[in-house]
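Novice: Give the three-dimensional model of this entry:
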Amino acid sequence: MTPSFHVEHFGCRAARADGEAVRHRLRAAGLRERQPSAADVVVVNTCSVTAEADRAARAFIRRTHRLNPAARIVVTGCFAQRAPEELAGLEGVSAVVGNSHKGQAPEIILGLARESGIPAFHPCDEDQSLGAPVLKGHGFSRAAERPIEIAALAAEGMQIIENAASRGLKSQPSLLQADGAAEAMPFQSNQIPAFVHFPGSAARLASVDSAAFLYGLKPVPFTGTGISRSGPAPIWADGQFLYSFLEEAQIAPGAQTRPNLKIQEGCANRCTFCVIPQTRGPSRSLPAHAVLRQVEGFVAAGGNELVLSGINLGRWGRDFSGPAQQWTVGDSCPPSLGEQSSPNPAPRALAGLVRELFARTALPRLRLSSIEPMDWDAEMIGLMAEFGRASFGGARLARHAHLPLQSGSDAVLRRMHRRYRPWHYAEKVEALTRAAGPELTLGADVMVGFPGETDAEFEETLALVRALPFGYLHLFSFSPRPGTPGWALHAERPVPAEAIEERMKALRALAAEKSQTHRRCFVGRELEAITLRTPAELSARGRTAALTENFLPVEFEGRWEANRLVRLRVSGLTASGTLEATAEVAQR
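Specialist: Sure thing, here's the model as predicted:
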C-alpha cells in the first residue's frame, strides 16, 4: 500500500511556505495525503515565537499520537530547532528535523514513511568504547542493517562532499587532504569524505564507506551516543544552517489561490524579544533567476496573485557577494559562461527584484508580506507609487503594507533593540500613504507587556496607533523565549498579567474601531478583487468569497470559481465587518 502523510502548519506565512514545499515533494514522490488520524507519517511544522505556539504544537503531537498511535510523527520548524531534545522525548515522535536541516526534511520523511520500524542501535566496529561515528552537522550514523532510499542517500553524499569542500578540503582521485594538514588520507572511489565526530573526542577527517549509505545509514540523537527503540527520537539540528533553504516546487494556483513564494530565510536583527535568529539563522536569499523562474511558471499555470514572503523580506539580496551576475535582456536565467550580451546586472535588493518581476513577466498582481519599517526605502516606496496606483486592469502591486510596529514608545523600542523610533515609523507610513493613495491598507504587529512597560509607555503606543491610518492590527502579549535577552529582562521587570490584559482589551477595542472606519471608507466605491475558495456555507447562499487588491475580505452575489480577477462595487458591511459587494466586471 502506498504510504500516506499529513502536514500540519503552525506559524507565519514563511513557515507555511516551508510546509507546502515539503508537502509538494512528498506528493511528487507518490505519497498520498490523508488526515492525521489515518496518515502513516504526520509532519508537524512548528512555530516557536511564543510559549503559546510551543504549547499548541505539543498539544497537537499528543492528540495525534493518541488518535493514531502507529503514525510516525516528524517535527520540523522553529520549535524543532530551538528545543529538539524536548520534542524528541515526546511520546510518538519518530524524528525531529530543525530548520538547519530543513532542505533534507523531505528525504528524511520519505525514509520514515517507507520503513516498517527503527532497528536497534549496533555500535560501530571502529570504536566500541565511544559509540557510533556521527557525521558532524548531518546527524547520520551507520547503525542498522536495513536499506533506505538510494535517491536520498545519493543526495546526502553530495551534500557531505560539498560540506567538506567548504571547509577547505581538497579532493583528488586518490587523496583527500585538509589545507595545512601534515598528511594526506587515502580516499577510494567508493568512499565519501566527511568530518566525523566521535563522542568524547574532537572531530577529525575521515572517509565513510559508501556502502554505509546504502545499508544502515540511520539518524542519531542530537545528544547521546546512539539510537535504540526505547531511546529518544533521532534529531537533525545544528547551528550551521547549511541545509536550511528548502526551495519550493513550482508553485501554481491550487489549494491556495494566492500562494506564498518564500524568497528569503533567516534574520540577523537580534531584537531582544525574538528567538528567530536562533531558530532560522542569518539572512539568506533565493537567487533572482530562481525567483523569476517561479513567477514565470506561476503565470503560465494561470496564477493571478502571488505573495512574496520571507522571514525578513526587506533584506532580500543583501547577502549576495562577489561580482554582480549579468543577465541577457529578456531572459529569466543568467547567461551561460562566455555568452555575449549587453550588461544587465541581476538585482541585489528587493526593490530591484520587484521591478524585474514586472518587467519580465505578465504577473497580474504581486503582494508583499511583512517588511520592516526601515526597509521601506525611497525606491521601495516609489514602486508603490508606480505600480500600486490603479490603472486599466488594476494595480499590479497590491496597495497593502504590513509594517511591524511592536511599540509606540521610544523607550520601549530602544529596550527592544528595534532599528527605528516612533517618528521614523510615522514618516514611513505618511510616505507610503502618499505613494499608494488612501486605498492603502496598513497593518502592523503590536506587542503588549514588554518587560518594564509602564502605563505611560503603553499610552504612547495607544496615541501612535490612534494617529495612524491602520486597517488592521495583529496584537499579542510579550512571551519570554529562552536564550533571548528578553528572557532575562522579564525575570527582572515583568509586567503584571492583569495590566497586560487591561492593555490588550484597550488595544483590541481601538483596533476594531480603526478597522471599521477604514472599511466603511470603501462603501459605494469600486475595488479590484480576486475570488477565493468559497466556504460551503457561503456558497450555499449563492455568494462568493474574495479578497480585494488592498487586502479586505469581501463577499458578493453569484457563484464564481476561485482565481478570477473581478471588479466589485462595495455596498456595505456584514455584521462581522466583511465587505458586501456586487460584481461589475470580470477581468480574467
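Novice: Please parse the chain into its domains.
Specialist: Domain segmentation of the chain under automatic domain parsing yields 1-118+229-244, 122-227, 526-586.
Novice: Comparing the ones you listed, which yields the minimum mean pLDDT?
Specialist: For the domains of the chain, mean pLDDT drops lowest on domain 122-227, to a mean of 30.
Novice: ok, the closest residue to residue 553 other than its chain neighbours - contacts?
Specialist: Of all residues not flanking residue 553 in the chain, residue 578 sits nearest, at 4.7 Å (C-beta to C-beta, 6 or more residues apart in numbering). C-betas here are computed from N, CA, C, even on glycine. By C-beta atoms under 8 Å, 6 or more residues apart in numbering, the residues touching residue 578 are 553, 554, 555.
Novice: Of those residues, which is the most crowded?
Specialist: Among these, residue 554 has the most neighbours (other C-beta atoms under 10 Å), with 24 neighbours.
Novice: Verify the stated contact: residue 106 with residue 25.
Specialist: Yes: using C-beta atoms under 8 Å, residue 106 is in contact with residue 25, at 3.8 Å.
Novice: where exactly do the helices run in the stretch 1-150 of the chain?
Specialist: 13-28, 51-67, 78-82, 84-88, 105-113, 150-166 (DSSP state H, counting those that start in this stretch).
Novice: Out of these, which one sits most buried?
Specialist: Across the helices of the stretch 1-150 of the chain, averaging neighbours per residue (mean count of other C-beta atoms under 10 Å) puts helix 78-82 on top, at a mean of 28.
Novice: which other residues reach that helix?
Specialist: 11, 15, 46-49, 53-54, 57, 87, 96-100, 237, 275-276, 278-280, 481-483.
Novice: How far off centre is it?
Specialist: Distance of helix 78-82 from the chain centroid (C-alpha atoms, centre = their mean, to the nearest Å) equals 13 Å.
Novice: do stretch 238-257 as well
Specialist: On C-alpha atoms, centre = their mean, the centre of stretch 238-257 falls 8 Å from the chain's centre.
Novice: Report the buried residues of it.
Specialist: Counting neighbours by 16 or more other C-beta atoms under 10 Å, one finds that the buried residues in stretch 238-257 are 238, 241-246, 248-249, 251-253, 256-257.
Novice: Residues contacting stretch 346-358, please?
Specialist: 263, 287-289, 291-292, 295, 308, 313-318, 320, 324-327, 334, 363, 366, 368, 371, 375, 377, 379-380, 382-383, 387, 396-397.
Novice: Please check those residues and keep the buried ones.
Specialist: Buried among the contacts of stretch 346-358 by 16+ other C-beta under 10 Å: 263, 287-289, 291-292, 295, 308, 313-318, 320, 325, 327, 334, 363, 366, 368, 371, 375, 380, 383, 387, 396-397.
Novice: From these, which land in strands?
Specialist: 263, 308, 366, 368 (DSSP state E).
Novice: Just put those in JSON lines and tack on pLDDT.
Specialist: Formatted as JSON lines, those follow (pLDDT from 0 to 100):
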{"residue": "263", "pLDDT": "94"}
{"residue": "308", "pLDDT": "96"}
{"residue": "366", "pLDDT": "97"}
{"residue": "368", "pLDDT": "97"}
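Novice: among those residues, which two are most distant?
Specialist: Within these, two members stand farthest from each other by C-beta to C-beta: 263 and 366, at 11.6 Å.
Novice: which residues do these two both contact?
Specialist: Shared contacts of residue 263 and residue 366, counting by C-beta under 8 Å, 6+ apart, come down to residue 308.
Novice: OK, contacts around residue 502?
Specialist: Residue 502 neighbours (C-beta under 8 Å, 6+ apart): none.
Novice: how close does it sit to residue 521?
Specialist: Look at residue 502 and residue 521: by C-beta to C-beta, to the nearest Å, they are 30 Å apart.
Novice: now residue 79
Specialist: For residue 79, the distance to residue 521 - C-beta to C-beta - is 40 Å.
Novice: same check, this time on residue 242
Specialist: 49 Å.
Novice: same question, residue 447
Specialist: Distance from residue 447 to residue 521, by C-beta to C-beta: 28 Å.
Novice: ok so, going back, could you single out the nearest of the buried residues of stretch 238-257 to residue 417?
Specialist: Distances from residue 417 to the buried residues of stretch 238-257, taken by C-beta to C-beta, are shortest for residue 241, at 21.8 Å.
Novice: And for the closest residue to that closest one other than its chain neighbours, the neighbour number?
Specialist: In space, and not counting its chain neighbours, residue 241 is closest to residue 281: 3.5 Å by C-beta to C-beta, 6+ apart. Neighbour count for residue 281, taken as other C-beta under 10 Å: 22.
Novice: repeat for residue 430
Specialist: Applying other C-beta under 10 Å, I find that residue 430 has 12 neighbouring residues.
Novice: tell me which element it is part of?
Specialist: Per DSSP states H and E, residue 430 falls inside helix 422-436.
Novice: Give me the mean pLDDT for that helix.
Specialist: Averaged over helix 422-436, pLDDT sits at 97.
Novice: That one - contacts with which helices or strands?
Specialist: helix 378-387, strand 441-448, helix 455-467 (3 or more C-beta pairs under 8 Å, 6 or more residues apart in numbering; DSSP states H and E).
Novice: ok, the closest residue to residue 464 other than its chain neighbours - contacts?
Specialist: Distance criterion C-beta to C-beta, 6+ apart; nearest residue to residue 464, sequence neighbours excluded, is residue 408 at 3.1 Å. By C-beta under 8 Å, 6+ apart, residue 408 lies in contact with 422, 425, 460, 461, 462, 463, 464, 465.
Novice: JSON lines please, covering those and showing distance to residue 487 and neighbour count.
Specialist: Converted to JSON lines, the contacts of residue 408 look like this (distance: C-beta to C-beta, whole Å; neighbours: other C-beta atoms under 10 Å):
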{"residue": "422", "distance to residue 487": "25", "neighbour count": "20"}
{"residue": "425", "distance to residue 487": "26", "neighbour count": "24"}
{"residue": "460", "distance to residue 487": "25", "neighbour count": "19"}
{"residue": "461", "distance to residue 487": "22", "neighbour count": "26"}
{"residue": "462", "distance to residue 487": "27", "neighbour count": "15"}
{"residue": "463", "distance to residue 487": "29", "neighbour count": "13"}
{"residue": "464", "distance to residue 487": "27", "neighbour count": "21"}
{"residue": "465", "distance to residue 487": "27", "neighbour count": "19"}
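Novice: farthest pair in those residues?
Specialist: Spatial extent of the contacts of residue 408 (C-beta to C-beta) is set by the pair 425 and 462 at 14.6 Å.
Novice: Alright, calling it a day.
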